[in-house]
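In: Sequence and predicted model, in that order:
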Amino acid sequence: MAIKALPTSFFERPTLEVANHLLGQVLVRQLDDRIVQAEIVEVEAYTADDPACHAFAGRRPRCEVMFGPPGFAYVYFIYGMYHCLNVVTEVDGVPGAVLIRALAEPKSGSQLQLNGPGKLCRQLEIDLQCNGLPLFDAKQKLYIKSGRTIKEEEIAVSPRIGISKAVERPWRFYLKDHKSVSRRK
DNA sequence: TCCGGGATTTAA
DNA sequence: TAAATCCCGGAA
């Protein structure tokens, strides 16, 4: 039976809804010598009317992908040394994305530390070449497949981390008591 | 063309 | 608390 990725309809919804539902889904990354499959355990939402969102200032080359159809990867370079992975949401023409902040490998024996948006991209070798890749296509070396269902009471909410605008919006979501989530600032 | 800030991380 | 380190976007 062929491996199946999440359908585009999963991503073509309001950003906050997609952010919540991404928790528990599995990010699959095929590297040259190994394959990594890890559960999404921490995310943040960014929307069109959100001053903290890269797309807030309008269409720019960097965040062009966010304005396109949902389900694609939006990867950006930050602080001169890190990349961050986002999943594009909303219908075509409306910008929106969910930042993947932490992952957890099902087998805890792994040495991979996948907490922190910069660190997980570094370890999964995700860079600007991944920008614009479809995450709904299991033939890709980077995609998202269905994981487990998360109950609402398992999700913790907090303000987003590291931003200077709209700092009060409670748009960070993560699995309660999960050891892989970023430390609070 | 120039300049400042940034959805981070680490170490002291 | 600060340094590392560089792309992007707005100002000039």
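Out: Now that the structure is in, tell me what you want to look at.
In: now the helix or strand encompassing residue A:101: mean pLDDT?
Out: Residue A:101 is part of strand A:96-104 when elements are defined by DSSP states H and E. Confidence for strand A:96-104, expressed as mean pLDDT, is 97.
In: how far does stretch A:14-28 sit from the chain's center?
Out: Taking C-alpha atoms, centre = their mean, to the nearest Å, one finds the center of stretch A:14-28 at 8 Å from the center of the full chain.
In: Show me what from chain A comes close to DNA strand C.
Out: Proximity of chain A to DNA strand C, by C-beta under 7 Å from any atom of the strand, involves residues A:54, A:57-58, A:60-63, A:76-77, A:79-81, A:128. Quick note: C-beta positions are derived from backbone N, CA and C, even for glycine.
In: mind running it again at 10 Å?
Out: A:54-64, A:76-82, A:118, A:128, A:131, A:185 (C-beta under 10 Å from any atom of the strand).
In: Could you measure from the residue most central in space within chain A over to DNA strand B?
Out: Nearest to the mean C-alpha position of chain A, counting by C-alpha atoms, centre = their mean, stands residue A:100 at 2.8 Å. From residue A:100 across to DNA strand B, the span is 9 Å (C-beta to the nearest atom of the strand, to the nearest Å).
In: Tell me the buried residues within the residues of chain A next to DNA strand C.
Out: Among these, those classed as buried by 16 or more other C-beta atoms under 10 Å are A:54, A:55, A:56, A:63, A:76, A:82, A:131.
In: and stretch A:47-55 with DNA strand B, contact?
Out: Yes. Counting by C-beta under 10 Å from any atom of the strand, DNA strand B is contacted by stretch A:47-55 at A:47, A:50, A:51, A:52, A:53, A:54, A:55.
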